[in-house]
Structure formats: structure tokens, C-alpha cells
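**Q** compute the structure for the input listed below.
(chains A and B)
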Amino acid sequence: MVKGYMVTSLQEALELRAREAVTPYAGGTDLMIDTNEHATYLFLNKIPELRNIVADKENIRIGAGCTYTDILESDIAPAILKEAVAQIAAPAIRNLGTVGGNICNGSPKADSALIFFATNAKLRLASSRGERIIPINEFYLGRKKTVLQADELLVEILMNRTGISNYYYKKVGARDALAISRVSFAAILNIEDEKIVSCRTAFGAVTDVIIRRADIDAMLIGKTVEEAKIIKAVYLSAYDQAIVPIKGRISAEYRKAVCMNLLRDFLEKNGI
Amino acid sequence: MINFILNGQEVASHAKVNDRLLDILRTEFRLTGVKCGCKEGECGACSVILNGRLVNSCLVAMGSIEGSTVMTIEGYCETERFTVLDKAYAAVSAVQCGFCIPGMMLASECILAKNPNPTDAEIREGISGNLCRCTGYNAIVEAIGIAAKEGQGLW
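**A** Reported below is the predicted structural model:
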């Protein structure tokens, strides 16, 4: 007998998750491709708490159950996120797919997760035991592997409201609609009083987990654009060593070349 | 039992919660206008309108649609808007084999419902998830443009 649970509140969902081995079902667009006859789904799409997009003093808080269309129609979702989401699949899939599903599916090709890496977003995970907030780069352990516990659910994504407007985003796919990323790249640069105060880059679809190397980006912090130009070659060479793409349908060499071109283009667009 | 509204009627399905909406529409409800092309959300032949939004019915598990509203081409055929689109498609021969057309019609409806005067680019974006191997799309884009003009006030 195939079972499934249709719940209408987060509390109910968390109680079930604590009691039984269930597969959280948000938009279904990843799950239904590789259907599992024996899975017991916990349907999350009727839980209002997961569909909010709200702003507080510090953060824009995006409910994990928000569809890509919800984000595109939101007045407060950040431009960098909207730009990436608008390039995911096609309208019919954007009407179903959710950001929470995109993150929890654990794919390095997740186009919304890339943006959450580049913006240093945090994830709020809840269980009936309580909740914890962790940076997104601590969420992934490998391909399809995350730190989400068997009784936990991703509830919302917290994006800092400020410092994310000067961004660069490019998705490289085989065609416009319904393309899976061959390489995706998001970056943010902030300059205050002629000094770089933050530089954050993220590379998607390259290795098992989205690449985010704050240690390398730190090289540019505190520098003027002119000073950044001087160490540009060292910065690029650090990434040249750090990016070791895995082979897939697309060759590792191709992915590497595209990553480095996008990184260079991002720097040049900012005068570096 | 899974209860939902299908083409305006309250229905109760005996499907399993893990079944695809696509398969249940075709087998239990005999709505064969919903075509099965790829079963992975790539082709759009199985498009339906779920709670007012275009979706791929191959990517929807029955358990997720309890209490929802589903419209297939069979229900849409009864509307005045369909008549306008149907005429426009016929006027420029935007139909050849017909396999993609139920999904294409429902995508057309969703484009016009969102924006009664779409640009060509907006039309192309709106049908970007619906593959057609016959027409080359230009005729379909033209047909939707004609429907937008002819159907003034309907959308």
C-alpha cells in the first residue's frame, strides 16, 4: 500500500518527519523525474508558512516552498535571485519547482542555490526538537548529500538585504529554455571609499558541490581597483588551481575555460 | 480518495498518491488530450492548467493536488477564449501533426491571461517549454498574436 501525507501546517509536517521515514515533496519537479514507487511522500505544497517572502531589518526571508514564479512575482526578492530564477527551465516548471527543493536536491547545478552561495545566504532548518540556522556553504557534504537530518525540514532562506545589488550572473547552457547549466557563475563586488569591501564568487555545475572560495576572494578585500589589478594575475591563478571540474557530458577542459572566462569578465566589468 | 476539481466538476480519484497526474488524467478520467511525450518535463505535451498556472502534468504527483483545480484541453475547449485561439491557429495553419497542440493551446491561454497584449518575445518565452517538431513555431507565435488582437476584452 503506497502512502503519502498531505499536511497543511509546518508543525504537522515536523511531527510526521520525526515519526516516520518520509520523502519531503515540495514542487516535485526533481522527484518525479526519478520516481520511487515505494517512497512515502510528505507533501509540503499546502503549508502556508513555507510560501512567505518577507523582509525584516536585516534579511529578506524566502520560504523554502516558494516556487520560482513566486520569486519572480515578488516585489522584494533581490534582483540577482530573480535574474537566475528567470533562466530556470520554462514557465510550466517554474510554476512548480521550489527554491527549497532546488537546495535540498543537492545538485551542484542548482541555479538558485548558486545565488544563495554568492550572497552568503543562511538556511533555517527546523525539526520538532527545535531549529538551527547555518550558512548555505555548510549545508552540503557532497553530491546529493546534505547535513539535513532525517527529522528536519528546510524552512526558509535568509538573504542579507544589503550589499547584493552590484552583481554579475551568467548561466551557460546548451540553449535558452529548459537548459541545464553547463557552467553557472554568480559574483558580487562592493566598493566603499574606493576600497573593495567585499568580493564573493560562486561557480555552479563544476564539481560535486558549488565552489565558493572566500579565502581566495579575500585577496582583493581592502584593495583599491588599481591595487586589485596588480594582484589580478595571482588571484586568477589561485582560481585556476582551485577549479578542478569533474568530467560529465561536457568536458572538464571546457568547463574550466568557461569558469575562468566568466571570472575574468566579472573583474573587467568592475574595472579590474 | 483524492478530491479535486477537474474541468469545473468535483471529482474523486482512486489513484495512488505517487501516481502522475498525467497518467491518471488519461487512464482514470479518459482525458486523452493530455499527451505523454517525455515524462520529464522537457516537452510540454502534457501541460494542464493547475490552480490557474501552466504545469507539466508528468511532474505532478496525485497527492499534491488534493483540493486543487485542474483544467485540461477538454475543459478549455468549452470556453469562448478557446474558440478565438482555435480560429487563429487555423487561420495561419499553426497545426500540423497536432501532438503538441493541446499543451500549446493551454500555454497560449496562460500567456494571454497574464498579458492580453504580449510581444513576440513574451509569446516565445511563454511557449518555451512546449516543443513542436512540425511548425517551426513561427506560425504558432503568429496565431497567438492574432488571438490577442481578435480576442480583445476576453483576456
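**Q** so which residue is dead centre in the chain?
**A** In the absence of a named chain, chain A is used. The C-alpha lying nearest the average C-alpha coordinate of chain A belongs to A:A113 (Cα atoms, centre = their mean; 0.8 Å).
**Q** right idea, wrong chain: chain B
**A** B:L106 (2.7 Å).
**Q** grab the nearest non-local neighbour of that residue.
**A** Nearest-residue entry for B:L106: B:S47, 4.9 Å, with adjacent residues in sequence omitted and distances by Cβ to Cβ, 6 or more residues apart in numbering or on different chains. Heads up, the C-betas are built off the backbone N, CA and C, glycines and all.
**Q** how about the one you found, what does it touch?
**A** A:92, B:34, B:54-57, B:102-104, B:106-107, B:129-130 (Cβ atoms under 8 Å, 6 or more residues apart in numbering or on different chains).
**Q** what's the closest of those residues to A:I231?
**A** B:G129 (44.7 Å; Cβ to Cβ).
**Q** next up, the contacts around B:E122.
**A** By Cβ under 8 Å, 6+ apart, the neighbours of B:E122 are B:111, B:115.
**Q** measure it to B:R53 for me?
**A** 16 Å (Cβ to Cβ, to the nearest Å).
**Q** go on, A:L148?
**A** For A:L148, the distance to B:R53 - Cβ to Cβ - is 28 Å.
**Q** one more: A:P24?
**A** 21 Å.
**Q** of these two, who's got more company?
**A** Each of A:P24 and B:R53 has its neighbours counted (other Cβ atoms under 10 Å in any protein chain shown); A:P24 has more, 21 against 17.
**Q** close enough to count as contact, that one and A:I47?
**A** No. Counting by Cβ atoms under 8 Å, A:P24 does not reach A:I47; the two are 10.6 Å apart.
**Q** give me the common contacts of the two.
**A** A:A13.
**Q** which residues touch the residue of chain B at minimum distance from chain A?
**A** Nearest residue of chain B to chain A (Cβ to the nearest Cβ) works out as B:G129 at 2.7 Å. Contacts for B:G129 (Cβ under 8 Å, 6+ apart) come out as A:89-93, A:177-178, B:41, B:44, B:47, B:54, B:56, B:107.
**Q** ok, and the closest non-adjacent residue to A:K171?
**A** A:S184 (4.6 Å).
**Q** residues near that neighbour, how many?
**A** Count around A:S184 with other Cβ under 10 Å applied: 29.
**Q** surely it touches A:I211?
**A** No. Applying Cβ under 8 Å, one finds A:S184 not in contact with A:I211, separated by 10.8 Å.
**Q** next, the residue in the stretch 101-250 of chain A that chain B sits nearest to: secondary structure please.
**A** Nearest residue of the stretch 101-250 of chain A to chain B: A:A177, at 3.5 Å (Cβ to the nearest Cβ). Using DSSP: H, G, I helix; E, B strand; the rest coil, the structure places A:A177 in coil.
**Q** who touches it in this structure?
**A** Shown in contact with A:A177 (Cβ under 8 Å, 6+ apart): A:89-90, B:125, B:128-129.
**Q** in contact with the residue nearest to A:R129 when sequence neighbours are not counted, which residues?
**A** Nearest residue to A:R129, sequence neighbours excluded (Cβ to Cβ, 6+ apart): A:D151, at 7.1 Å. Residues near A:D151 by Cβ under 8 Å, 6+ apart: A:14, A:17-18, A:127-129.
**Q** next step: those residues restricted to helices.
**A** A:14, A:17-18 (DSSP state H).
**Q** and the pLDDT at A:V2?
**A** The predicted structure scores A:V2 at 62 on the pLDDT scale.
**Q** which secondary structure elements does the strand or helix carrying B:E74 sit against?
**A** Assigning secondary structure by DSSP states H and E places B:E74 in helix B:73-76. Using 3 or more Cβ pairs under 8 Å, 6 or more residues apart in numbering or on different chains; DSSP states H and E, the elements in contact with helix B:73-76 are helix B:101-114.
**Q** now the helix it packs on: how far from the chain's centre is it?
**A** 6 Å (Cα atoms, centre = their mean, to the nearest Å).
**Q** can you pull the buried residues of that helix?
**A** B:101-112 (16 or more other Cβ atoms under 10 Å in any protein chain shown).
**Q** same check on stretch A:177-191?
**A** So, applying 16+ other Cβ under 10 Å, buried residues of stretch A:177-191: A:177-178, A:180-191.
**Q** all good on my end, thank you.
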